[in-house]
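[1] sharing a model that was predicted from the sequence below.
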Amino acid sequence: MQFSSALLESAVNEFSRLPGIGKKTALRLVLHLLKQEESQVTQFSETIARMRSEIRFCKRCCNVADGELCTICSNSYRQKQLICVVENIRDVIAIESTQQFNGTYHVLGGVISPLDGVGPDQLNIDALVERIDQEQTEELIFALSPNIQGDTTIYYVQKKLSGKNVRITTIARGIAFGGELEYADELTLGRSLQNRLPVEKYMNR
Ligand SMILES: [Zn+2]
């Protein structure tokens, strides 16, 4: 691609660094912005810069938050005794979109994957164990991707919690998820939350 403006070229380059955005799409987006009011483009760039610099992580569940606690943890109508354990923030968004879950979450920040150099210490597992001690948690629902890394993580956390008085379940898995939780449609994901199983049953199948 040949550009007659270095400013245009660098804007296209920035956009094309985003996942799924090739050079052609980047050019289309940049030309679109060029046609907008200047104030609108300023607002666009300021919103993104603020999102990046001001966003925080909930001190209870490690979800994204604007303050100390996320909106889910600070909502008194949510059942605090019920914790759904997920891999990342996208999973929280996916499950919230089903409108079928009224508990709280715990975002692990990944799953145990020795091949990728991710061990239990890099994940928010200790914080989860602490929460269970402090919050009289009744049920822990694992909603991890149905693969070996997800299973290893469930196994590890379950071992860490042995002897504690908490029911451990997993969302119904092995159904057509397309591999990743975030790709499941809302109906399927909602149903698999309703049809959760005790984790022993799942692990010993
Ligand atoms: Zn939270």
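    Structure received.

[2] domain parsing for the protein?
    When the chain is parsed with automatic domain parsing, its domains come out as 6-54, 72-203.

[3] worst average pLDDT in those domains?
    Confidence, taken as mean pLDDT, is least for domain 72-203 of these (a mean of 87).

[4] which of the residues in the helix ranked longest in the chain are buried?
    Looking across the chain with DSSP state H, the single longest helix is helix 38-54. By 16 or more other C-beta atoms under 10 Å, helix 38-54 has no buried positions at all. C-beta here means a position set from N, CA and C on the backbone, and glycine is covered the same way.

[5] quick check: what element follows that helix along the chain?
    strand 56-57 (DSSP states H and E).

[6] elements contacting that following strand?
    strand 64-65 (3 or more C-beta pairs under 8 Å, 6 or more residues apart in numbering; DSSP states H and E).

[7] one step back: could you identify which of the domains of the chain is most buried?
    domain 72-203 (a mean of 17; mean count of other C-beta atoms under 10 Å).

[8] tell me if that one is near the ion.
    Yes - Domain 72-203 is in contact with the ion by C-beta under 5 Å from the ion, via C73.

[9] run the chain-centre distance for that domain.
    10 Å (C-alpha atoms, centre = their mean, to the nearest Å).

[10] start at 33 instead
    Shifting the count to begin at 33 puts that one at domain 104-235.

[11] circling back to that earlier point, and C94, which of the domains of the chain is closest to it?
    domain 104-235 (4.2 Å; C-beta to C-beta).

[12] re earlier: now the domains of the chain as CSV including distance to C94?
    Shown next, in CSV, are the domains of the chain (distance: least, C-beta to C-beta, whole Å):
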stretch, distance to C94
domain 38-86, 17
domain 104-235, 4
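
[13] residues in contact with stretch 106-126: which ones?
    Outside stretch 106-126, the residues that touch it by C-beta atoms under 8 Å, 6 or more residues apart in numbering are 93, 95-96, 99, 104, 127, 133-143, 160, 163-164, 167-177, 182, 189, 213-214, 216, 218, 221, 225.

[14] and it, how far apart are its ends?
    Counting by C-alpha to C-alpha, to the nearest Å, you get 19 Å between the two ends of stretch 106-126.

[15] and the next element down the chain from the biggest strand by length in the chain?
    Using DSSP state E to define each element, the chain has its longest strand at strand 111-118. Following strand 111-118 in sequence order, the next helix or strand is helix 121-130 (DSSP H and E).

[16] and that next one with strand 111-118, angle?
    For helix 121-130 against strand 111-118, the angle by axes from the mean of the first three to the mean of the last three C-alpha atoms, to 10 degrees is 130 degrees.

[17] where do the helices sit along the protein?
    Along the chain, counting by DSSP H, helices occupy 38-48, 55-67, 70-86, 121-130, 157-167, 180-192, 218-226, 231-235.

[18] for the chain, list the residue farthest from the centre, please.
    Distance to the chain centre peaks in the chain at S36, reaching 41.2 Å (criterion: C-alpha atoms, centre = their mean).

[19] quick check: phi and psi on the closest residue to E41 other than its chain neighbours?
    What sits nearest to E41 in space, not counting adjacent residues and going by C-beta to C-beta, 6 or more residues apart in numbering, is F35, at 3.9 Å. Per-residue torsions, F35: phi -120, psi 140 (degrees, to the nearest 10).
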